[in-house]
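Enquirer: pasting the sequence and the predicted model now:
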Amino acid sequence: MAVDQEQIITSKRDVVGRTNLKQFPWWFLIILAIAGYMTIRIIIDPLYQGIFNTILQGIGTTLYVTVISFVFALLLGLILGLGRVSTNPIWRNLSISYIEFIRGVPMLVLIFTISFAVVPMFARTFGLSNNSVSLTTRAIIALVLIYGAYIAEIFRAGIESIGRGQSEAARSLGMSRVQSMRYVILPQAIRNVMPALGNDLIALLKDTSLVSVLGVREMTQVARLSVSTSFRYEETYFILTLFYLTMTLVLSLLLQWLQRRVGAKG
């Protein structure tokens with residue numbers, strides 16, 4: 001019997017070991033190896049150092065555009081998401097029309113249209129000159145209007161994931177529809193959609209590279225300008241890739257930590 005128990009214990013340990021081996025994040029080690037190799041090249045190679053320092057000049061603009069765009073896109077998305085589930089037919093249909101319009105047009109086309117058609121049109125309406133709105137501001141406006149539509153669908157899904165009984169219970173306690181949405185439904189919905197919002201933040205960080213077509217001096221545009229004079233395509237774009245990869249991985253880890261903290265408190 002003792003031998004059988006030892007065999008069972010050994011077999012269980014083997015199964016657990018194989019399971020842990022399969023679940024080990026080998027992909028993360030591969031990415032770390034690539035990032036490590038590039039980091040060493042940057043440290044020991046003066047050419048890589050120069051390109052790294054050049055691209056580094058655009059990281060502030062990239063982060064600025066990302067943060068400001070995401071904050072305002074959250075507000076717009078929340079308004080549109082509430083309109084999407086509203087019982088008011090005008091608000092609901094306007095929200096749906098906006099969301100479907102934005103989602104039905106390529107992002108690059110929308111960036112051009114908003115930056116060079118919509119923004120100048122509104123500038124003329126308010127008596128402003130076309131040059132009074134900077135390219136960075138136009139890029140932020142475009143990203144806010146685009147991502148607001150996508151975030152609206154996330155909020156809609158989060159709100160609809162909360163059982164109707166929650167709202168009915170709040171109404172039975174004397175809360176109005178607005179109060180029940182604010183104090184009961186939305187806090188739970190936001191907690192449910194945090195992973196999806198985190199994914200959109202990472203996507204927005206990567207999509208800031210698209211505003212380089214407007215001439216905004218973020219990392220991609222700085223890299224393009226550097227290449228136009230140095231003709232070091234391989235080194236420049238490998239380092240640019242490393243920048244985005246590092247930023248998205250760090251942001252992903254921070255978001256996972258935040259989600260665990262929120263989940264633990266919930």
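Expert: That came through fine.

Enquirer: confidence score at Lys163?
Expert: Quick fix: residue 163 reads Gly, not Lys. According to the prediction, Gly163 has pLDDT 73.

Enquirer: what is the neighbour count of it?
Expert: 11 (other CB atoms under 10 Å). The C-beta positions use only the backbone N, C-alpha and C, and glycine is treated the same way.

Enquirer: list the contacts of the helix or strand containing Glu100.
Expert: Per DSSP states H and E: Glu100 is located in helix 89-103. Helix 89-103 is contacted by residues 80-81, 83-86, 110, 145-146, 148-150, 152-153 when judged by CB atoms under 8 Å, 6 or more residues apart in numbering.

Enquirer: in a markdown table, list these along with secondary structure and pLDDT.
Expert: Formatted as a markdown table, those follow (DSSP: H, G, I helix; E, B strand; the rest coil; pLDDT from 0 to 100):
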| residue | secondary structure | pLDDT |
| --- | --- | --- |
| Leu80 | helix | 95 |
| Gly81 | helix | 93 |
| Gly83 | helix | 92 |
| Arg84 | helix | 91 |
| Val85 | coil | 88 |
| Ser86 | coil | 87 |
| Leu110 | helix | 96 |
| Leu145 | helix | 97 |
| Ile146 | helix | 97 |
| Gly148 | helix | 96 |
| Ala149 | helix | 96 |
| Tyr150 | helix | 96 |
| Ala152 | helix | 95 |
| Glu153 | helix | 94 |
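
Enquirer: what is the nearest of those residues to Thr208?
Expert: Ile146 (11.7 Å; CB to CB).

Enquirer: number of residues surrounding the nearest residue to that closest one once chain neighbours are set aside?
Expert: Leaving aside its sequence neighbours, Ile146 sits nearest to Leu110 (CB to CB, 6 or more residues apart in numbering; 5.4 Å). Leu110 is flanked by 20 other residues according to other CB under 10 Å.

Enquirer: Leu245 versus Leu110, what's the distance?
Expert: 26 Å (CB to CB, to the nearest Å).

Enquirer: the residue nearest to Ile146 and Gly148 touch, don't they?
Expert: No - assessed by CB atoms under 8 Å, Leu110 is found out of contact with Gly148, at 11.5 Å.

Enquirer: which stretches in the stretch 151-266 of the chain count as helices?
Expert: 164-172, 177-180, 186-207, 219-230, 233-265 (DSSP state H, counting those that start in this stretch).

Enquirer: give me the low-pLDDT residue ranges for the stretch 151-266 of the chain?
Expert: The model of the stretch 151-266 of the chain has pLDDT under 70 over residues 263-266.

Enquirer: name the element Val71 belongs to?
Expert: helix 59-84.

Enquirer: show me what that helix is packed against.
Expert: helix 89-103, helix 135-160, helix 186-207, helix 219-230 (3 or more CB pairs under 8 Å, 6 or more residues apart in numbering; DSSP states H and E).

Enquirer: Arg138: which of the helices of the stretch 151-266 of the chain is closest?
Expert: Going by CB to CB, the one of those nearest Arg138 is helix 219-230, 13.8 Å.

Enquirer: residues of that closest one that come out buried?
Expert: Met219, Thr220, Gln221, Val222, Ala223, Ser226, Val227 (16 or more other CB atoms under 10 Å).

Enquirer: could you check the angle helix 59-84 makes with it?
Expert: Between helix 219-230 and helix 59-84, the angle comes out at 140 degrees (axes from the mean of the first three to the mean of the last three CA atoms, to 10 degrees).

Enquirer: helix 219-230: how far from the chain's middle?
Expert: The chain centroid and the centroid of helix 219-230 are separated by 24 Å, computed with CA atoms, centre = their mean, to the nearest Å.

Enquirer: just the CA trace of it, in PDB.
Expert: Listed next in PDB are the C-alpha coordinates belonging to helix 219-230 (Å, rounded to 0.1, in the frame of the first residue of the first chain):
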ATOM      1  CA  MET A 219       7.800  58.700 -32.100                       C
ATOM      2  CA  THR A 220       6.800  57.400 -35.500                       C
ATOM      3  CA  GLN A 221       7.000  60.800 -37.100                       C
ATOM      4  CA  VAL A 222      10.400  61.500 -35.500                       C
ATOM      5  CA  ALA A 223      11.600  58.100 -36.700                       C
ATOM      6  CA  ARG A 224      10.400  58.900 -40.300                       C
ATOM      7  CA  LEU A 225      12.200  62.200 -40.300                       C
ATOM      8  CA  SER A 226      15.400  60.600 -39.000                       C
ATOM      9  CA  VAL A 227      15.200  57.900 -41.700                       C
ATOM     10  CA  SER A 228      14.800  60.600 -44.400                       C
ATOM     11  CA  THR A 229      18.200  61.900 -43.700                       C
ATOM     12  CA  SER A 230      20.200  59.000 -42.300                       C
END
